[in-house]
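Asks: With the input below, show me the fold.
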Amino acid sequence: MPMPHPSAPGRPGPPPPTGLTDPVSLFAVPIGRAASPPGEALPVIQTLYRTPDDRFVIRTCLHLGPGRGQACDVMVYADEDALREALSAGGDGLDEALLAAAGLDRP
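Replies: Sure, this is the predicted structure:
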C-alpha cells in the first residue's frame, strides 16, 4: 500500500522499482513511508519497518536518476527510544514525516 507523501497528504509516494525484491521485507513488515518533495535533485524514499522482535529498521534509498539506479542504506534500531533518538538528531522534515506515517509521531 503506498504511503502518503509528507508534503502532500493523501498523495502516494513513488512506487518501489519493479522487478526488485526489497530485502528488508524478508525479515520485517513495513509500517511507514516518506518521500522527499517532488523536484528534489536527489529524491529520497525512507521506509520504516518493524521486526517480529519489536526492533525498527529504516531503509533509505537515494534515486540517482534514469539509468543510474538507486543507492540504499539500512539501519536497525533496538527499540522505539533508539529510533526516536536517531531521528531527532537529523531534525529534517522527512524523518518527522516517517514517524507520522507510521503513527509514531505521538509520544
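
Asks: Do I have it right that Ala101 meets Ile45?
Replies: No. Contact status for Ala101 versus Ile45: not in contact, 11.3 Å apart, counting by Cβ atoms under 8 Å. (C-beta placed from N, C-alpha, C; glycine too.)

Asks: Overlap in contacts, the two.
Replies: Common neighbours of Ala101 and Ile45 are listed as 33-34 (criterion: Cβ atoms under 8 Å, 6 or more residues apart in numbering).

Asks: Can you pull out the low-pLDDT segments for the protein?
Replies: With pLDDT under 70 as the threshold, the chain has low-confidence stretches at 1-20, 90-92, 106-107.

Asks: Could I get the full set of helices for it?
Replies: Listed from the start of the chain, the chain has helices (DSSP state H) covering 80-90, 93-101.

Asks: Flag every buried residue along the shortest one.
Replies: Right, helix 93-101. If you call a residue buried by 16 or more other Cβ atoms under 10 Å, then helix 93-101 has these buried ones: 94-101.

Asks: Next one: the residue of the chain most remote from its centre from Thr51, what distance?
Replies: The centre of the chain is farthest from one residue, Gly67, which by Cα atoms, centre = their mean lies 22.4 Å away. For Gly67, the distance to Thr51 (Cβ to Cβ, to the nearest Å) stands at 34 Å.

Asks: Distance to Ala78 added to the buried residues of helix 93-101, as TSV?
Replies: Putting these into TSV (distance: Cβ to Cβ, whole Å) gives the following:
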residue	distance to Ala78
Leu94	22
Asp95	18
Glu96	21
Ala97	23
Leu98	18
Leu99	17
Ala100	22
Ala101	21
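
Asks: Looking at those residues, spot the one nearest Ser88.
Replies: When the buried residues of helix 93-101 are compared for distance to Ser88, the smallest value, 7.9 Å, is given by Asp95; criterion: Cβ to Cβ.
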